[in-house]
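Asks: The sequence and its predicted three-dimensional model are supplied below.
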Amino acid sequence: MDFSIKSFDAKNGLAQLKTGCVAVGVYEDKKLSAAATELDKKGAITAAVKTGDISGKPGSSLLLRDVAGVTAQRVLLVGLGKEDSAGHKEFTGAASALARAFASLGSNEAAIALPFERLRERDAAWAIKAAVLAVREQAYRFDQMKSKPDNSTSGARKITVAVHSEDANMAKAALAEAVALANGMDLTRDLGNLPPNVCTPTYLANTAKKLARQFKLDVEVLDRKQLEALKMGSFLSVTNGSAEPPKFIILKHMGGKAKDAPTVLVGKGITFDTGGISLKPGSAMDEMKYDMCGAASVLGTFRTIAEMKLKLNVIGVIPTCENMPSGTATRPGDIVTSMSGQTIEILNTDAEGRLILCDALTYVERFKPAAVVDIATLTGACITALGHHNSGLFTRHDDAHDALANALLKAGKLSGDNAWRMPIEDVYQEQLKSNFADMANIGGPPAGSITAACFLERYTKKYTWAHLDIAGTAWKSGAAKGATGRPVPLLTSFLIERAQTAAM
Ligand code: BES
Ligand code: MN
Ligand code: ZN
């Protein structure tokens, strides 16, 4: 898929654009956007709107052919809702309707001429990004494991974004950002969708090395011996039942000033979670190949910020292994010593994500981070609490952490990749009490996503930290089963904002 910006002015109008299809906006109340008015030379668009062939509601669309006075072979009308209230939600709906229409278009080329600059509370750069992302989202396929890839050639592959001449530079920057984000999300989705016999810890480590080579990042991969030397007894206990060697990946994108403290992302990389000896039930267990989506979102975010050449120091850390049952697997009742020195009674081997993350969270202290965000498909309880709309966001509750939480929430809103804040409080910490070790690895059925966050909190005292539980948002089940690429949009928006603040 290939995107470009084309600028228009009074002399060089949209009506003369040679393309298979040009998409323009129409509003409810039978109003036309400026671009639609420009193409309405002989009243064909007005007629379509007047007769009710298109309602103008967000998500509605209508394809017209051979519109008189228009060079493009087709005009796609897309509804944007009411003119004075069209904002984030309406535009996103319109963009996905447009993307669907483009995907089945009988033409290789198409143009988007929506009123990017006329949205409520969102600027034109945001709108251009949203349109490009919707088209890329619609174009995503995962067919690399099929013996005959689906080579269907229909749909628009060469897309022009039409803007006013004075907006061309802004549009070019927005387009580059959107393409970088889509590339990162595609990587995250591919890694999630790959089967667990292909996407092993070694595969994730090799992906990190490939990214590092391609974008000149620093990468380091620690193996079992080095993890033993670091005394990561908690992480290593999860790998005991698996024949796949564990890996610990460190990726560095040092785009900021040398002296600036880094922002650290830590991603859970369980490439398959059987539950271990506390074996999961069989139904839908295949979806536990997605238990590395935290790791995949870190790699995807690095793909994005590296392509964008973001001016910020960012370090990604990924503990990755399998959670398998076997004669050498960790037992319920085993007590392990984490890198921090704190001991953990493993009462359920299926609460393994926190066991690999806690050692990674101790490891990152050495970077003296400005902030640490971990991303993990951590608890089924988070799905019960928030469903599939919001990721769970957890931090301590003081000024520094409120600021970090608010920055993440804001990034989620802007990117449409939302999170919802949950509490961390001492009353929940009590549920982690163990009779025999410093803590248990589970806190019982009530508030399962909160007690998981409380467990992690005990390993993050030395820096400002947030935890994103993406169990409900990283992939979809059912007929549309597949990775979503979330929360790469949230993380990218968050890091862009931090880079802008760092530059001031
Ligand atoms: N990876 C799972 C969490 C999960 C389950 C994510 C289903 C998405 C869908 C995690 O390792 C796990 O098994 N958590 C347990 C914790 C429990 C044993 C305290 C859970 O959620 O059941
Ligand atoms: Mn588990
Ligand atoms: Zn898990």
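Replies: Yep, it's here. Numbering: from 1, shown residues only. Ligands and ions are numbered 1, 2, ... in the order given.
Asks: use CA for all of it now, contacts and neighbours both
Replies: OK.
Asks: Can you report how many residues lie near the nearest residue to G387 once chain neighbours are set aside?
Replies: The shortest distance from G387 to any non-neighbouring residue, by C-alpha to C-alpha, 6 or more residues apart in numbering, is to G472 (5.9 Å). Per other C-alpha atoms under 10 Å, the neighbour tally for G472 reads 24.
Asks: Assign G472 to helix, strand or coil.
Replies: Under DSSP: H, G, I helix; E, B strand; the rest coil, the three-state class of G472 is coil.
Asks: do the same with G25
Replies: Strictly by three-state DSSP, G25 counts as strand.
Asks: so what's it bridging to?
Replies: Beta bridges link G25 to V78 when assigned by DSSP bridges.
Asks: if I pick it, what's in contact with it?
Replies: For G25, the contact set (C-alpha atoms under 8 Å, 6 or more residues apart in numbering) comprises 32-33, 35-36, 77-80, 113-115.
Asks: H401 - how many residues pack around it?
Replies: H401 sits with 18 neighbouring residues when counted by other C-alpha under 10 Å.
Asks: Would you mind measuring from it to V427?
Replies: According to C-alpha to C-alpha, to the nearest Å, H401 and V427 sit 19 Å apart.
Asks: Could you do C199 as well?
Replies: From C199 to V427 the distance is 39 Å (C-alpha to C-alpha).
Asks: Tell me the secondary structure at the residue of the chain found nearest ligand 2.
Replies: In the chain, no residue comes nearer to ligand 2 than D350, which is 3.6 Å away by C-alpha to the ion. Of the three states, D350 takes coil under three-state DSSP.
Asks: Which residue is the nearest non-sequential neighbour of it?
Replies: G275 (4.0 Å).
Asks: swap in C321?
Replies: The spatially closest residue to C321, leaving aside those adjacent along the chain, is P246, at 4.6 Å (C-alpha to C-alpha, 6+ apart).
Asks: ditto for K50
Replies: Leaving aside its sequence neighbours, K50 sits nearest to K30 (C-alpha to C-alpha, 6+ apart; 6.3 Å).
Asks: again, but for A94
Replies: Spatial nearest neighbour of A94, chain neighbours left out: G59 (4.7 Å); criterion: C-alpha to C-alpha, 6+ apart.
Asks: how about that neighbour, what does it touch?
Replies: G59 makes contact with 78-80, 90, 93-97 under the criterion C-alpha under 8 Å, 6+ apart.
Asks: swap the cut-off to 10 Å and go again
Replies: Counting by C-alpha atoms under 10 Å, 6 or more residues apart in numbering, G59 touches 78-81, 90-98, 100.
Asks: What does it show for phi and psi?
Replies: The phi/psi pair for G59 (degrees, to the nearest 10) reads phi 100, psi -10.
Asks: Report the separation between it and K311.
Replies: 37 Å.
Asks: my guess is K18 contacts E109, does it?
Replies: Yes - contact criterion C-alpha atoms under 10 Å: K18 and E109 qualify, at 9.2 Å.
Asks: Could you check which helix or strand contains the closest residue to ligand 1 within the stretch 51-200 of the chain?
Replies: Residue of the stretch 51-200 of the chain nearest ligand 1, by C-alpha to the nearest ligand atom: G192 (12.7 Å). Using DSSP states H and E, G192 falls within helix 168-193.
Asks: In that helix, which residues are buried?
Replies: 168, 171-172, 174-193 (16 or more other C-alpha atoms under 10 Å).
Asks: got the angle for the following helix or strand past that helix vs helix 168-193?
Replies: Downstream of helix 168-193, the first helix or strand assigned by DSSP H and E is helix 201-215. Interaxial angle of helix 201-215 relative to helix 168-193 (axes from the mean of the first three to the mean of the last three C-alpha atoms, to 10 degrees): 160 degrees.
Asks: can you list the residues of this structure near ligand 1?
Replies: By the rule C-alpha under 6 Å from any ligand atom, the part of the chain lying against ligand 1 is 275, 291, 348, 350-353, 377-381, 442, 471.
Asks: With pLDDT, distance to G269 and neighbour count as extra columns, can I get those residues in TSV?
Replies: Below are the residues of the chain next to ligand 1 laid out as TSV (pLDDT from 0 to 100; distance: C-alpha to C-alpha, whole Å; neighbours: other C-alpha atoms under 10 Å):
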residue	pLDDT	distance to G269	neighbour count
G275	98	14	21
D291	99	7	27
N348	98	19	20
D350	98	14	24
A351	99	14	21
E352	98	11	25
G353	99	8	28
T377	99	9	28
L378	99	11	27
T379	98	14	23
G380	98	16	15
A381	98	19	19
I442	98	19	24
A471	99	13	28
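Asks: Name the nearest of those residues relative to M422.
Replies: Top of the list for closeness to M422, among these and by C-alpha to C-alpha, is A381 at 12.3 Å.
Asks: I'd guess the closest one is in a helix, am I close?
Replies: Yes - the assignment for A381 is a helix, going by three-state DSSP.
Asks: so how far is T200 from it?
Replies: Distance from A381 to T200, by C-alpha to C-alpha: 26 Å.
Asks: Report how many residues lie close to L361.
Replies: The tally of other residues near L361 (other C-alpha under 10 Å) stands at 29.
Asks: secondary structure element for it?
Replies: Element membership for L361 (DSSP H and E) is helix 353-363.
Asks: what sits against the closest residue to D190 other than its chain neighbours?
Replies: With C-alpha to C-alpha, 6+ apart as the criterion, D190 has its nearest non-adjacent residue at 6.8 Å, and that residue is F142. By C-alpha under 10 Å, 6+ apart, the residues touching F142 are 149-150, 186, 189-190, 193-194, 482-483.
Asks: Quick check, pLDDT for F142.
Replies: pLDDT recorded at F142 is 97.
Asks: again with A503
Replies: So, for A503, pLDDT stands at 83.
Asks: how about the closest residue to it other than its chain neighbours, secondary structure?
Replies: Of all residues not flanking A503 in the chain, K311 sits nearest, at 8.0 Å (C-alpha to C-alpha, 6+ apart). Following three-state DSSP, K311 is assigned to coil.
Asks: do I442 as well
Replies: State at I442, reduced to three classes by three-state DSSP: coil.
Asks: Enumerate every residue touching it.
Replies: Here I442 is in contact with 344-352, 354, 431-434, 448, 451-452, 455 (C-alpha under 10 Å, 6+ apart).
Asks: same check, this time on A306
Replies: Taking C-alpha under 10 Å, 6+ apart as the test, what A306 contacts is 180, 184, 211-212, 214-217, 252-255, 300.
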